[in-house]
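*Asks:* This is a predicted model, with the sequence first.
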Amino acid sequence: PSNANATPQIAKTLCPYCGVGCGLEVVETGKEPTLKFPDRFKVRGDRSHPSSQGMVCVKGATIAESIQKDRLLHPMMRDRLDQEFRQVSWDEALDAITDQIQQVLATKGADALCMYGSGQFQTEDYYIAQKLFKGCLGTNNFDANSRLCMSSAVSGYVKSFGSDGPPCCYEDLDLTDCLFAIGTNTAECHPIIFNRFRRHHKKNPHVKLIVVDPRCTQTAEVADLHLAIQPGTDIDLLNGIAHLLLLWDKCDRQFIDNHTTGFAEFAEITQLYTPEFVSRRCGISIEDLELAAKYWAESQRVLSIWSMGVNQSTQGTAKVQCIINLHLLTAQIGKEGAGPFSLTGQPNAMGGREAGGLAHLLPGYRSVVNPEHRAELEAFWQLPSGKISPQVGRTAWDMIRGLEANEVDFLWIAATNPAVSFPDLVRTKAALRRSPFTVYQDAYYPTETSAFAHILLPATQWSEKTGTMTNSERCITLCQSFQPPLGESRADWEIFAEVGRRLGFTDKFPFQNSAEVYAEFAQITRDRPCDITGISHAKLSELGVIQWPNPDHTPEPDRKHNKRLYTDRQFHTSDRRARFGSYHSQGVFEVPDEQYPFILTTGRLYGHWHTQTRTGRIDKIRQMYPNPFIEIHPKDAAKFGIHNGDLVEVKSRRGSSKFPALVTEAIARGVLFVPMHWGTLWADNAEANALTHPEACPDSKQPELKACAVAISKPLK
Ligand code: SF4
């Protein structure tokens with residue numbers, strides 16, 4: 001059964017693109033449908049939504065155009081990848097899936113089953129997928145595209161605070177005295193919260209913006225201080241700022257003594273990071289380094305924000321901890337306008353974390369390697385003791401390795417497009433081609449990944465299903481459906497539950513609607529850091545957006561907004577103290593050499609979203625960005641005789657792509673930049689990830705998509 005309601009006057013929902021989580025209102029227009037707007041409604045910003053206050057960017061403003069185009073409407077199957085798909089019934093598709101799962105369980109065991117999901121899921125989808133895979137099937141081989149996006153933030157928070165969970169809120173952007181933006185082009189990638197900060201920045205001359213980024217992005221253009229560090233030298237910079245704060249005695253000794261551990265080791269590590277050393281390593285002036293430390297030291301309230309520029313690194317977790325170190329050093333946490341605030345990429349990456357949607361997690365901020373956590377889940381799900389595997393499941397790239405080693409015989413991909421977003425695409429596609437049985441579940445067809453599927457399952461998307469999403473500031477929004485499912489599409493959680501029932505786990509999936517799924521999930525969070533026992537679909541409908549934690553034993557309405565964590569300075573570690581992390585900088589994994597003398601970095605543009613599955617189908621956005629491009633510094637361009645618009649070939653040790661050149665001083669010498677949005681559906685041979693490598697952070701397993709060594713050709717004729 002679906003929650004779709006065919007004819008509401010107005011529905012409230014959430015923009016399904018980025019982790020800012022802007023509220024949307026869907027309004028009946030009463031006008032005749034046109035070709036551009038084939039429905040009788042329009043979408044606009046929801047002024048009552050506390051996170052976005054009515055604002056939307058171009059992606060949110062044009063989202064309605066993507067609802068009807070290129071939708072996958074029916075289940076399809078084929079036996080081999082070189083065959084055409086044929087339309088089949090749901091029964092036929094689901095029988096084939098359950099047969100394959102049973103066969104794999106009987107022959108190779110549960111470790112040969114994998115699911116790769118998405119931060120586009122609603123929390124209910126995530127939860128049912130965990131119950132099916134980690135509970136009923138007994139494998140933790142569920143991972144999501146959040147692995148490529150923010151898993152370093154998760155592991156950094158856990159190591160420093162004993163638990164995941166961004167401790168800040170968007171209001172802090174209005175209250176801070178200094179915003180330290182590192183590895184985030186917020187103006188383009190999280191535009192609505194950047195607008196919010198800019199209002200505050202413009203109004204209050206004392207407020208400083210420090211931007212750390214090898215590129216002069218739109219964010220850096222309006223900074224008071226732009227530190228254009230060499231790629232991979234973030235830890236040098238962060239330890240260098242700590243060195244100066246310690247030297248100038250600008251630390252909060254009382255906070256350090258009462259609420260942290262590991263300070264002595266950290267202080268010793270920072271001794272190496274003298275201004276001279278850091279200046280040399282980062283390629284910035286000593287004056288700029290000192291100015292950054294001065295801004296930090298003199299500001300009453302310092303807020304750090306970061307996203308993939310920090311997380312997508314072989315030292316991603318260490319970098320996150322080094323940012324947090326600065327906050328611990330100066331007690332800039334648990335108060336208004338301050339704290340270390342990771343920005344999530346996907347609209348419901350946060351909900352995925354709550355529901356255990358990564359290969360090392362279980363629902364309710366639990367870990368698969370913790371025996372107590374597994375026992376709690378087994379008791380709650382009424383499973384035999386020992387049913388949940390104690391092994392961390394296959395993470396995103398481990399699934400590719402598993403296919404290569406013939407260890408994975410069943411791969412289920414849902415709501416994501418790894419044939420564009422994974423690193424080392426030549427190797428990724430070869431592995432996908434080897435898969436004996438791939439199910440691809442999505443709202444759209446074709447995508448680059450659908451070419452590697454044996455079964456296609458049509459999924460409903462944001463317009464057709466009711467469920468919850470959590471944004472970067474822990475605000476949970478009920479996303480209401482406002483039209484019936486298109487074609488034969490079904491909600492992701494319904495598909496997972498139906499497969500579970502067909503596999504014999506009938507009593508585990510009795511849900512009639514997503515409200516019942518959420519009600520069960522909420523109970524499993526009791527007394528956990530992300531306690532949402534006070535939240536239900538009915539409460540969200542009645543009260544609007546609610547922030548977690550929100551335990552049902554706290555009196556209402558006090559609990560609706562829990563803006564900041566750690567206001568009592570009690571952390572989730574065993575001794576309630578936060579941990580300093582001590583790390584030396586290792587630089588990038590792939591160092592430029594004679595053969596591959598440039599560092600390529602990748603990123604995102606204001607109007608596009610990830611692999612263009614939606615935005616590539618929206619005319620206005622396609623007109624904004626008709627072509628991919630590569631940014632190159634004028635001096636580097638001159639050496640190769642490259643002019644604006646020249647087509648150049650870029651090669652790494654793994655593959656090659658071709659891009660028109662954009663000659664600009666926005667990029668440092670020796671560094672190149674390519675947007676990651678273009679797959680083979682939208683351009684010929686312009687894939688950024690044909691060049692990137694899969695080496696990952698040892699803690700978070702997040703690949704270093706932000707830096708690889710490349711060579712560039714003279715202009716192609
Ligand atoms: Fe959507 Fe993000 Fe734009 Fe808000 S900022 S409208 S959530 S894409």
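*Replies:* Yes, it's here.

*Asks:* Just give me how far stretch 88-101 sits from the chain centre.
*Replies:* 31 Å (Cα atoms, centre = their mean, to the nearest Å).

*Asks:* List the buried residues in it.
*Replies:* Neighbour-count burial for stretch 88-101, counted by 16 or more other Cβ atoms under 10 Å, picks out 88, 93-94, 96-98, 100-101. Placement of C-beta: from N, CA and C, glycine included.

*Asks:* Would you mind naming the helix or strand containing S160?
*Replies:* Applying DSSP states H and E as the criterion places S160 in helix 151-161.

*Asks:* residues in contact with that helix?
*Replies:* Contact partners of helix 151-161, identified using Cβ atoms under 8 Å, 6 or more residues apart in numbering, comprise 163-167, 306, 310-313, 316-321, 323-325, 328, 342, 344, 353, 358, 395, 566, 571-573, 578-581, 697, 699-702.

*Asks:* Also stretch 499-515?
*Replies:* Under Cβ under 8 Å, 6+ apart, the answer for stretch 499-515 is 1, 3, 94-95, 97-98, 101-102, 122, 124, 128, 131-132, 135-137, 381-382, 465-467, 491, 493, 497-498, 516-517, 520, 536-538.

*Asks:* can you redo the buried residues of stretch 88-101 as CSV with distance to the ligand, secondary structure and pLDDT?
*Replies:* Below are the buried residues of stretch 88-101 laid out as CSV (distance: Cβ to the nearest ligand atom, whole Å; DSSP: H, G, I helix; E, B strand; the rest coil; pLDDT from 0 to 100):
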residue, distance to the ligand, secondary structure, pLDDT
V88, 35, coil, 98
A93, 32, helix, 98
L94, 33, helix, 98
A96, 36, helix, 98
I97, 33, helix, 98
T98, 37, helix, 98
Q100, 37, helix, 98
I101, 35, helix, 98
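
*Asks:* about what we covered before: which of the contacts of helix 151-161 fall in helices?
*Replies:* Among these, the ones falling in helices (DSSP state H) are 310-311, 316-321, 323-325, 328, 353.

*Asks:* and whichever residue of the stretch 551-700 of the chain sits closest to the ligand, what does it touch?
*Replies:* Using Cβ to the nearest ligand atom, the closest approach of the stretch 551-700 of the chain to the ligand is made by W609 at 6.9 Å. W609 makes contacts with 17-18, 59, 615, 677, as judged by Cβ under 8 Å, 6+ apart.

*Asks:* for it, phi and psi?
*Replies:* Phi and psi for W609, reported as degrees, to the nearest 10, are phi -120, psi 120.

*Asks:* And Q230, by the same measure?
*Replies:* phi -60, psi 140.

*Asks:* Contacts only, for T317.
*Replies:* T317 touches 152, 155-156, 159, 697-700, counting by Cβ under 8 Å, 6+ apart.

*Asks:* Give me the residues contacting the longest strand along the chain.
*Replies:* In terms of residue count, the longest strand belonging to the chain (DSSP state E) is strand 656-663. Identification of contacts with strand 656-663 by Cβ under 8 Å, 6+ apart yields 627-634, 637, 642-650, 674, 684-688, 690-691, 715-716.

*Asks:* what are the pairing partners of it, and which direction each?
*Replies:* Within its sheet, and counting by DSSP bridges, strand 656-663 is paired with strand 630-632 (parallel), strand 647-651 (antiparallel).

*Asks:* other SSEs contacting whatever helix or strand comes next after it?
*Replies:* Scanning forward in sequence from strand 656-663 by DSSP H and E, the next helix or strand is strand 671-675. Other elements packing on strand 671-675 under the criterion 3 or more Cβ pairs under 8 Å, 6 or more residues apart in numbering; DSSP states H and E are strand 598-603, strand 630-632.

*Asks:* Give me the contact list for the last one.
*Replies:* When contacts are taken as Cβ under 8 Å, 6+ apart, the neighbours of strand 630-632 outside the stretch itself are 215, 642, 648, 650, 659-664, 666-667, 672-674, 712.

*Asks:* Next up, the contacts around the closest residue to the ligand within the chain.
*Replies:* For the chain and the ligand, the shortest gap (Cβ to the nearest ligand atom) falls at G60, measuring 2.6 Å. G60 is in contact with 15, 17, 22, 24, 43, 45, counting by Cβ under 8 Å, 6+ apart.

*Asks:* quick one, phi/psi of it?
*Replies:* Dihedral angles (degrees, to the nearest 10) for G60: phi -70, psi -40.

*Asks:* Check the gap between it and D442 for me.
*Replies:* Separation of G60 from D442 (Cβ to Cβ, to the nearest Å) stands at 21 Å.

*Asks:* Could you do E124 as well?
*Replies:* For E124 relative to D442 (Cβ to Cβ), the value is 18 Å.

*Asks:* The two: which is more packed in?
*Replies:* Using other Cβ atoms under 10 Å as the criterion, E124 and D442 rank with E124 on top: 32 against 27.

*Asks:* Surely that one and T468 touch.
*Replies:* Yes: under the criterion of Cβ atoms under 8 Å, E124 makes contact with T468 at 6.8 Å.

*Asks:* where do the contact lists of these two overlap?
*Replies:* Each of Y518 lies in contact with both E124 and T468 under the rule Cβ under 8 Å, 6+ apart.

*Asks:* and the closest residue to D288 other than its chain neighbours, what is it in contact with?
*Replies:* Nearest residue to D288 in three dimensions, chain neighbours excluded: L227, at 5.9 Å (Cβ to Cβ, 6 or more residues apart in numbering). When contacts are counted by Cβ under 8 Å, 6+ apart, L227 touches 210-213, 237, 282, 284, 288-289, 292.

*Asks:* Of those residues - the most surrounded one?
*Replies:* Highest neighbour count within the contacts of L227: V212, with 28 neighbours (other Cβ under 10 Å).
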